[in-house]
Each structure stands twice: as structure tokens, then as C-alpha cells.
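Colleague: everything below, folded, please.
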Amino acid sequence: METIYGSVFKGSNPIYACQLNGKGGITAFGEDSPVTAAQPVWQHLDYKNPDSHQWIMNTTLLPFPVKEGLVSDNIRPKVLRTGEGTLITLRSVNRNNNARPDHLVSFRIYITDKVIISSRHRKIHSIDQILDDLHNGVGAKSTGNWLVEIAGAITDEANDFIEELHDNLIEFEDDILEQKVPGRGELVLLRKQLIVLRRYMAPQRDIFIRLASEKLSWMNDEERRLMQEIADRLSRGIDDLDGCIARTAVLADEITSMMADAMNRRTYMMSLLAMVFLPTTFLTGLFGVNLGGIPGNEYRFGFGLFTLLLSFLMVAFAWWLRRSKWL
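Modeller: Residues are numbered from 1 along each chain as shown. Down below sits the predicted model:
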């Protein structure tokens, strides 16, 4: 088929639609204008949009497993080959406003040598970089090149987030060295972010390795080499995640030890105070029995002398504890 028509995308209500011109730029097209099949078409959709969802489920351009994959809530990274096309599910760091980065965004791609259908619900900021390159005429020239650039942008964003988490971990370690306990839940949140990112980036790395090793008709040897480099970059990021997760476990143990030491010191001080007041407590209990014959009962300065005696005993006992290196 030499030409297809924009009418096949009628009613898809895309977020973005264009045709690559093979020179790093794009050519816009409408629903009624012809599109040469020599260059690939890119349709970027919001699968939660009713019009886009209906178009995905009704179009004849997509096999049924691909339709399910483009609108499914399954968010695990995976790759599925269907005939000449490939369905790829990736995860990207969430850089949207009022959102935590570890609440990763799902990005679904169906790609052949002639068409790219991508879908998401929440915005993926990595795509902005790809769009800017296309508008400036220095972007992807083929579907394989487009996938490499998307994978590279997503991986760079993930590695940047890993660096942010690593910097946060260093701050926690510096605080621990200064005997400062992190706020309640802060270390738990950091550890959770590290584990969530590790959980999804590891299978995503495996996807890139598979794409680099399989002989896909729409990827050339240079694009496969670049994909392998992206997988290697992500592998280094995952290694950093593993190291950070292990370091958070050490930090948690150190915080527990610091809190136990603080509690032991407080208990020790209370015990010493009880020992300092032990002789005085004995004497006050003895002289407080209210029985006849208590010495000094009739003496006008008896209470003052007794108080002075108690003070002397407290100072002497405290001096003895310090000399014995208990204080």
C-alpha cells in the first residue's frame, strides 16, 4: 500500500499527531489529507479520553492484543511482538505538578516501520524533549530511531531521579554522623521510593536488552547498538539503587541503635539520681515515723541541722559516684 489516508485516524482525538519526514523533522497532516506510507506516522493518545479509547478499540490498524495493551491498566514494563509490530510498555518518572516522582507514569507504544501509536493518561515530560527535537529538525528519522530517543529520554530522567534519591541519602548519612535523627517517616519514604524504582526499572532494563538483541525489521544495527548503551546506562542506575537500598538498611539500624543508646542514658541517669537520694530518703523516712524519742524533736534548730545533714550526704554520695566513675 503506497498511501494511507488521515481519515483512518478520524475521531481519535490525539494529544499529538504528525508524520516524520525522514530528515529529523515532521509534517503535520489532517484527517482528510493523504499521508505517504514511505514515512511513519505518530499518533499520541490519552487512553482515558473516550474518543481515543473508542478509536483504539474500533480501528483496523491494530491487532486485538495491541488494543487491549494500549488501554489496559497493567502497568508492568513488558514487550509483546505481534506480527510486524511490537507492543512495548514502559514506565517514566512522574514529574507532574502535585505528584510524587515515584508514582511512575505508564507509557504504552505500538510500533511498526510505518506507524507509531502511543498512549498514556498522565503527562510524560520526556516526550517534550522528543517533540522539541522534531520541531527543530534534529529529531528521529525512523520508527527505530524514535524508539531509541524515547528510551534514552526516559532512562535519563530515571537516572536523574536516582541521583536525587542518592543526594537525599547522603544528607541522611551526614545527619546521622552528627547524631541527628531524621524526621518520622522520612527514611521510610526514601526507602520506599528506592524499592519502587528498582522494581520497575529492572524489567525495563531487560526490555531494552531484548530490543537490542532481537532482529526487528524496523531497527537497524546502529539503533540496536544505541539501545544496548541505554540498557547499560539503566543498569548502572539500578546498581546505584541496590547500593542505596542497602545503605538505608544500615541507616535504619544506626537510628535504632542511637535511640536505644539515648534511652539507656536516660535510664542510667534516673538510676543515679535514685542512688543519690537513697540515703536521704532513708533518713527522712526514719525521722518521719512520728514516734516519741526522735532526736532533736524539741530543739529549735533541729530541722535546719537535719536539712544540712541531708545536703551534706547528697554531695558526699555524688562525689563518691563520680570518683567511682559512675558519673
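
Colleague: element containing the residue lying closest to I207 once chain neighbours are set aside?
Modeller: Residue nearest to I207 in three dimensions, not counting chain neighbours: V79, with 5.0 Å by Cβ to Cβ, 6 or more residues apart in numbering. Yep, even glycine has a C-beta here, placed from its N, CA and C like the rest. Using DSSP states H and E, V79 sits in strand 78-82.

Colleague: that strand pairs with which strands, parallel or anti?
Modeller: Paired strands of strand 78-82, with direction, are strand 85-92 (antiparallel) (DSSP bridges).

Colleague: circling back to that earlier point, which residues are contacting the strand holding V79?
Modeller: 63, 65-66, 69, 86-89, 203, 207, 210-211, 214 (Cβ atoms under 8 Å, 6 or more residues apart in numbering).

Colleague: same deal with stretch 155-174?
Modeller: 92-93, 95, 101-102, 125-126, 182, 186-187, 190, 193-194, 197, 201, 208, 230, 233-234, 236-237, 240-241, 244, 247-248, 251.

Colleague: show me which residues of it are buried.
Modeller: 155-159, 161-162, 165-166, 168-169, 172 (16 or more other Cβ atoms under 10 Å).

Colleague: that stretch: how far from the chain's middle?
Modeller: 9 Å (Cα atoms, centre = their mean, to the nearest Å).

Colleague: thinking again about what came up before, give me the buried subset of the contacts of strand 78-82.
Modeller: Applying 16+ other Cβ under 10 Å to the contacts of strand 78-82, the neighbour count classes 63, 66, 69, 86-89, 207, 210-211 as buried.

Colleague: helices of the stretch 201-327 of the chain, start to end?
Modeller: 221-276, 278-286, 302-323 (DSSP state H, counting those that start in this stretch).

Colleague: just name the most buried of those.
Modeller: helix 221-276 (a mean of 15; mean count of other Cβ atoms under 10 Å).
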